[in-house]
Structure formats: C-alpha cells, structure tokens
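Trainee: only geometry, no sequence info:
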C-alpha cells in the first residue's frame, strides 16, 4: 500500500471527530471519502495534511512513517490539499499566487520560468488558465485549477480535494473529472472528499464511507451501488425518495414580485443584470438556474434593496419598491437566505437566541427595546424551534460554534417563521448533507404551500427541477430561457447556463413569463 | 493541559488573565530597572505607597481615573462597531473649550441654571469634534483612526490660540489662560479632596453604556454590527446612522471629561489641562477589551500608576517615563496575548 493511515483519532472539546480511522490508498488511485457533514472527513484529511495533530495513530507513505507537525511538513512529504474555501490572494496574478507556493522561492522570483511551468501543466492536464490574470477576475472553476497547479508545482504526489465540486456548475464538474483522470494516469494519488453519491460513482476507484468519525466500510466502485452507499452513509435511518405534496395556487391574483427590465451594473468585472423581467406569484417557487457569477447575486441584492437598479422597476405587491431600503423590504415581508450564511446571515460571535431575532428586532424589542428581557425572548425562540420539530443546542451558545448545516437550518427557521410573503434563497442546500438537504427542501415546500412566493437561486439542477414550479436560466446577467420543469432536462439547462446554446426567448415586459 | 487551555479561554477568567499579564509587564520593567542599577521593588513600593499610602494619594487616583473612564468610554463605544476613535484628547479639549465659552459668557447665571448648561456644552463640544471624522467616514470612507488622531493636534492648537488670543485673561500678565470662572460655574469638590462631581458623570456614563449595550435594541444592533457588519446591513440595520451615533456618543463623553477638568480642577481653560487623558483612556479601553466594568478597573489601575509615577520621581530620582514604560508594556503584553488567542482560535 502506498498511503496508509492507521488508527487516527482526533477529538475537539466535546466532539470526537475521528475515532480510530484506518485507510489504505494505492498509488495512482482516486479514492473517495464519502460522509455526511460532521462525519469526520475533513478532520481526517486535515490530519493527513499536517493541519491537525492526531491524538493517536500513524501515517505512512511508501512504508516510511511520517511525522507531520505542520502543512509544510506535509508538502515536503509530497502531500497537498485544496481547501473548500480557496487559499488564494485575489489581488495577485496567477503566477504570483503560484510563486507563493514554491518551496524555494528566490529573492527575485523567476516569473518567466513559473509562467512556463503553468503553461506546461495547463497543456498536459487540461488545467487551462491565463497565468497573468488576477485571481479575482477568475471564475471559481479557474481558481480551483490554480489551486491544483499550485499543488503540482510544489511537488505534491498525493492530492487532497475537500468537496471540490460544491462550487462548480455541472459542466465544470465534468471538466474537473477529466483533469483528475489525467492526473491519475500520471501516477498522482487523489483523495476526494464529498457527500454526493453521483460524483463518487462517476470518478472514484474506491470509496470509503465514514459515519460519526468511524469507517463504515471501503468498497471498490464496481461493487458499489448508489443504494448501498446511501445506506452506509445514513445508517439505519429510513431512506425515502423526495416526493412533495404540492398544493395548487390560486390563479389570476396579482404577482407578489415583478421585475420590469431591471438592470444593475456589475462590480469588479462581474456581469451585473442586463434588463431582467420576471414575475412571481404567491404559492409558487421560481427556480433561477445559472453558473455562479452570472447575475444571480445582483438579482437577489436588487430585490432586497442592497443594490440600486440603474434601469427598470421592481414591484412588490404592485407597489414600486425600486428605491426602498433593506429595512423597509424586510418589514414588507421579504426574507432572504444568503449564499454564505455564516458570513452574510448571522453574527457568529452572538448567541443563537440573539441571532434568531436579527430580522425581527422590532417585534422582539419594541419601544427601542428598553429593558429587553432576554429570558422571555429565549422562551419564545424555543417555542418556535419546537413548532418546527427541530432540536437545537442551548440558545446561549455562540452561533459561530455551530456546523454550517446547523447555521443554515437556523436561518431557514428564522426566516420562515416570519411567514414572509417573498423568500429569496441562494443555494439553500450548498454544503448541506443529505438529511439536512431533505429538511431544507421540505421547509421550502411547506412555505410555498403556505402561500409564500419563493425565488430559488441554485446551481443544483436536480434541486431546481424537483422544487420549482417554473424555471428561468441565467447567463451573463440575462434570462436565456424559461421553462416548466417537465419541459427540459439537466443537459439542456447546463448548455443554456454556459451560453453554449440559446433558447427561443422573446423578451416582453408585459407578460415576462407565461404565467400558468 | 488541554483542560487548562480551555479554562484559560473561559470568559470568567479574563480578569485573572489580565491580572497575570499585568504582573508580567511589571516583571519586565523590573528587569530594566535592575539593568540601570535601580531596585525595582523599591520603585514599585514607591509607586503603590504614593497611590495608597495616604488619603491624598488615594483621592488623586480617583481624580485621575475620572477623565480616564470617560475617555475610555469614548474609545469603547465606537470600538463596539469596529471604529477606532483615537481622538479622545481632541474631543476632551473641544468639550473643555465649549464649557469655557459657556462659563465666560453666561457666568452671571445662578449655579442651578449654569452647571447643567455647561454639562450640555461639554457633551456637545466633544460630540461636534467627533462628528467631523464620523461624517468623513460615513460619507467618504475616510479612515477614522487617522482623522481622529490628526484632529487632536488641530483642537489642542485651537485651545492654545484662544487662551493666548480672544479669551486671554487681561489680568494674567501674559500667562496663557482665560479668566477664572465664576463660582456658579464650579463643580463641587468632595471631602476636602480634589475628587469632584465628574466622578458621578463617569460612573453614570459607564453604567448607561453597559445598560444600553445589553438591554436595548440599539445596543443589540451595535453588537451585531461589531460582530458582522455585512450581516447587519443585510438585516436592515442602518450602519451609517450608527457610525455617527457611536462616534458622537463617545466624543460627548470625552468632552464631558474636558468640561469636568476645567470646571472642577482648573477653574479656567489653559494649555495642558489634560496630561494625555485621551490617549491613556484609549489604552484603558483596549486593556479592558472595551468592556464597561473592565474600564472602571483599568482606569483605577492606570490612575494608580500615574499618581505613583509622581512619587518615583521624588523618592528615587527615576523619570516619570518609568511609568509610561510600564503602561506601554502592559498594553503590549495584553494586546499581544489577544492577537495570539485570536490566531490560535
């Protein structure tokens, strides 16, 4: 065996993240680590990358035992890792970022040589990227390629990729898989962290499933089925396919939200919005498909009053709100699940209770909130949480200590219990595991059936097709197609998203989308 | 070991940690004193004897802690939304100047009418001085650290100008100060010491700070901004309004310290009404981690050092700078440990 992890144990205060995990990986193998959030995949890989010191256990490569005290030890041993959030400096060019990763960087870096190596790797493995572009100008997929080139240039032979597909569009995922296969052919060993069964079946040679910090089993791909893996992943929990009870909506009513050829200038080389018209009724989910950075952020922020539209009008219940402040939009019953919940939706240093009232401050703290009774607020929050059938740890814990999935759950709970008339939700299940995703979908469907209008911005095409009543596809800040879920499949949507294909689409502000 | 580390991180132990770090700073200074052939123990004994050895010493500690508490609040309030107000010194002088104007032009009023007016003027003067950098920050994104710092020089020089020019006491034989205030403009002194009514201002201000922060919606919104401005904006919290509000509230309290200095201690405006209270208050606030109760404790500690500093000059022939070095080292050690904690967290 080439790489061997033996009995790795690692605990954090109150959590046993890895309890005696053993793992063997062959040279030139793509090995998938499959597990729900909190199963210990990332912790295990961070131990291998020298980021964490294990409490017990050994790591060896090629029979030689390694003592990894820091990531630089790991890099010297030929182990490299691409984190979920990239470690790139946005203001630097690709070459400059890669120079930073070189083990022996001269006082005056030989940029010509680095540029040449970037070209070579690019040509060999399909890692095409402009060496002189600034990182902030690159798409997420390109940034990921830069991260991989960084590893190759620094001499890594074992590549750890932490949920590399969570930020990519479907066609980009296919591109990444091609790159990984070429790397495997050249003898690189790849550890691939994910919780998506389809990806595992598409790319992995062997699969190790983790649950609650332990190995459930290791399978080779030919012997595995999605069913088996799902069972191993979730344990004895009941497996159920997603079927939603969908209540029909009242027709003829005035739309909750209307956009009339709204344009928003893009920032920092992004595309902004270019004359978007759409309408959304209560009790309806309108899916917005598109590769990240094609105007979805601008769309959501324009509706929320965080950005001003340069042209066009935004109507809420028929009232022009193009110039309303965010505070007014929230009061008018607009809610949002932002794309990065921890960064945009909560104050991580404040407690759960304090965060749960963030968008309903006036209700919980009337009259300026003089003499706020936090105990009473906590009781009210507890009641809400129980009504939703959730279990949440103590309300006096800072939100920053919760897992990403739990933060997302709290946000959904907070915004949905306000009974919003319009919910704008960005990637509501990005980074969530199977169980949490199912819960999020059920909550959204519940809100829809309760009469809320939901704008569902997502990259997950299966999610969009499952949940949406209608679907629009975004590319370069404009709508390039509008459908009902039954009318189109994921491949066609993917082609539209990437601008490879244009749909017959006539823009007419009067009836932007055939309403029903 | 891990358990110990967790203990050290718990909030309750922050005071204990601060105390330990302060002690560390004293040890470091002691090494320096030894190198220069002075007995550190004797120096420290002199400092603490100066501060605690007599009623006078004790009362002087309180006298100095008053402006320190107010100036620390001037730093701490904006710091709660992530703004660095280094302008306490200037805001203090602006408050002193505004109060002086009132005392000189309205001195004929009875005390019961004049004093509340002077308090209001002190607050307004300090708030006005803070309003300038606040507006610049809000409207144009000008870094408030730089603008408040630079404005200090402007305002202190303005004081120099008025006491040599328009407001100069004609009877002063060319000394740069204003005429003495009338009795009705004087804040009461207590117990035959120089402790004055500013003490109540400071304690009430600190208590209010604590109450507003914990038990009102405004305090809640301030804490959200301080923790995550982006989430605050997305939740419809008016960031600009809070920039103006916290800066002006802070400036007002520093201005009140200035009012108390001229109305209780000096009875007139003159250069040097503050021995760097604004800057030392900044230090107090950071040492206290911008916590109201910590501010009271740290203001007293630095008051002790400052009174004791007078003593080491007299009894040991050490320069007053010894005390400045101790303060600076405490600051370094405490901030250093904070950054380390933030990095390892």
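Mentor: That came through, no problem. Being a predicted model, the structure only gives us computed values, none of them experimental. Numbers count the residues shown, from 1 in each chain, chains lettered A, B, ... in the order given.
Trainee: wait, doesn't residue A:377 sit right on residue A:351?
Mentor: No. Counting by CB atoms under 8 Å, residue A:377 stays clear of residue A:351, with 10.4 Å between them. The way it works is simple: take the backbone N, C-alpha and C, and place the C-beta from them, glycine included.
Trainee: Which residues of chain B lie near chain A?
Mentor: B:2, B:6, B:214-221, B:223-224, B:227-228, B:230-238 (CB under 8 Å from any CB of the partner chain).
Trainee: Now intersect these with the helices, please.
Mentor: B:2, B:6, B:214-215, B:217-221, B:223-224, B:227, B:230-234 (DSSP state H).
Trainee: which stretches of the stretch 301-450 of chain A form strands?
Mentor: Shown for the stretch 301-450 of chain A, the strands assigned by DSSP state E, counting those that start in this stretch span residues A:311-316, A:319-320, A:334-337, A:422-426.
Trainee: Relative to residue A:276, how far out is residue A:478?
Mentor: Noted for residue A:478: a distance of 7 Å to residue A:276, by CB to CB, to the nearest Å.
Trainee: between those two, who's got more neighbours?
Mentor: Set residue A:478 next to residue A:276 and count neighbours by other CB atoms under 10 Å in any protein chain shown: residue A:276 wins out with 25 against 19.
Trainee: list the contacts for the closest residue to residue A:349 other than its chain neighbours?
Mentor: Ranked by CB to CB, 6 or more residues apart in numbering or on different chains and with sequence neighbours excluded, the top spatial neighbour of residue A:349 is residue B:227, at 4.2 Å. The contact partners of residue B:227, taken as CB atoms under 8 Å, 6 or more residues apart in numbering or on different chains, are A:347-350.
Trainee: Repeat that for residue B:256.
Mentor: Applying CB under 8 Å, 6+ apart, the residues contacting residue B:256 are B:70, B:95, B:119, B:122-123, B:126, B:198, B:201, B:205.
Trainee: how does it look with 7 Å?
Mentor: Neighbouring residues of residue B:256 by CB atoms under 7 Å, 6 or more residues apart in numbering or on different chains: B:70, B:95, B:119, B:122-123, B:126, B:201.
Trainee: Assign it to helix, strand or coil.
Mentor: In three-state terms, and counting by DSSP: H, G, I helix; E, B strand; the rest coil, residue B:256 is helix.
Trainee: Which residue comes closest to it once chain neighbours are left out?
Mentor: residue B:122 (4.8 Å).
Trainee: Over to residue A:277: give its phi and psi.
Mentor: When read as degrees, to the nearest 10, the backbone of residue A:277 gives phi -120, psi 130.
Trainee: contacting residues around the residue in the stretch 151-300 of chain A that chain B sits nearest to?
Mentor: Nearest residue of the stretch 151-300 of chain A to chain B (CB to the nearest CB) works out as residue A:300 at 10.3 Å. Residues counted as contacts of residue A:300 (CB under 7 Å, 6+ apart) are A:336, A:424, A:426, A:457.
Trainee: quick one, helices of the stretch 151-300 of chain A?
Mentor: Using DSSP state H, counting those that start in this stretch, the helices found in the stretch 151-300 of chain A span residues A:170-185, A:197-203, A:226-234, A:296-303.
Trainee: just those: most buried one?
Mentor: helix A:296-303 (a mean of 23; mean count of other CB atoms under 10 Å in any protein chain shown).
Trainee: so what are the domain limits for chain A?
Mentor: A:3-234, A:257-365+A:372-497 (automatic domain parsing).
Trainee: How far away from the center of its chain is the longest one?
Mentor: Read that as domain A:257-365+A:372-497. 14 Å (CA atoms, centre = their mean, to the nearest Å).
Trainee: try stretch B:230-240
Mentor: The answer for stretch B:230-240 is 29 Å, by CA atoms, centre = their mean.
Trainee: Quick check: buried residues in it?
Mentor: Of the residues in stretch B:230-240, B:230-238 count as buried by neighbour count, 16 or more other CB atoms under 10 Å in any protein chain shown.
Trainee: From the rest of the structure, what touches that stretch?
Mentor: A:306, A:325-327, A:330, A:336, A:338, A:343-347, A:358-359, B:138, B:221, B:224-225, B:229.
Trainee: so what does the host helix or strand of residue A:481 touch, helix or strand wise?
Mentor: Assigned by DSSP states H and E, residue A:481 belongs to strand A:478-483. Packing contacts for strand A:478-483, counted by 3 or more CB pairs under 7 Å, 6 or more residues apart in numbering or on different chains; DSSP states H and E, involve strand A:273-280, strand A:470-475.
Trainee: Mean confidence (pLDDT) on the longest one, please.
Mentor: For strand A:273-280, the mean per-residue pLDDT is 89.
Trainee: Same question for stretch B:216-223.
Mentor: 91.
Trainee: now stretch A:466-478
Mentor: pLDDT averaged over stretch A:466-478 gives 87.
Trainee: which stretches of the stretch 201-350 of chain A aren't confidently modelled?
Mentor: A:235-252, A:268-270 (pLDDT under 70).
Trainee: please redo it, this time with the cut-off set to 80
Mentor: For the stretch 201-350 of chain A, the stretches with pLDDT under 80 are A:227, A:230-231, A:233-253, A:266-271, A:291-293.
Trainee: what sits against residue B:283?
Mentor: Contacts of residue B:283 by CB under 7 Å, 6+ apart are B:302, B:327, B:331.
Trainee: Do I have it right that the first one meets residue B:281?
Mentor: No. Under the criterion of CB atoms under 7 Å, residue B:302 makes no contact with residue B:281, lying 8.8 Å away.
Trainee: Pull up the overlap in contacts between the two.
Mentor: residue B:68.
Trainee: what does the stretch 351-500 of chain A put close to chain B?
Mentor: Residues of the stretch 351-500 of chain A lying close to chain B by CB under 7 Å from any CB of the partner chain are A:354, A:358-359, A:361, A:365, A:368-372.
Trainee: among the residues you listed, who's most crowded?
Mentor: Top of those by neighbour count (other CB under 10 Å): residue A:358, with 26 neighbours.
Trainee: Quick check: the gap between it and residue A:344.
Mentor: In terms of CB to CB, residue A:358 sits 11 Å off from residue A:344.
Trainee: Ok, residue A:448 next?
Mentor: Distance from residue A:448 to residue A:344, by CB to CB: 23 Å.
Trainee: Show me which of the two is the more surrounded one.
Mentor: Between residue A:448 and residue A:344, counting by other CB under 10 Å, residue A:448 is the more crowded of the two (24 against 19).
Trainee: So that one sits against residue A:455, correct?
Mentor: No. Counting by CB under 7 Å, residue A:448 stays clear of residue A:455, with 11.3 Å between them.
Trainee: Low-confidence regions, the stretch 1-150 of chain B specifically.
Mentor: Ranges of the stretch 1-150 of chain B meeting pLDDT under 80: B:1-22, B:32-33, B:36-38, B:42-43, B:46-47, B:50-51, B:53, B:107-108.
Trainee: switch to 50 and redo it
Mentor: Applying pLDDT under 50 to the stretch 1-150 of chain B picks out residues B:1-8.
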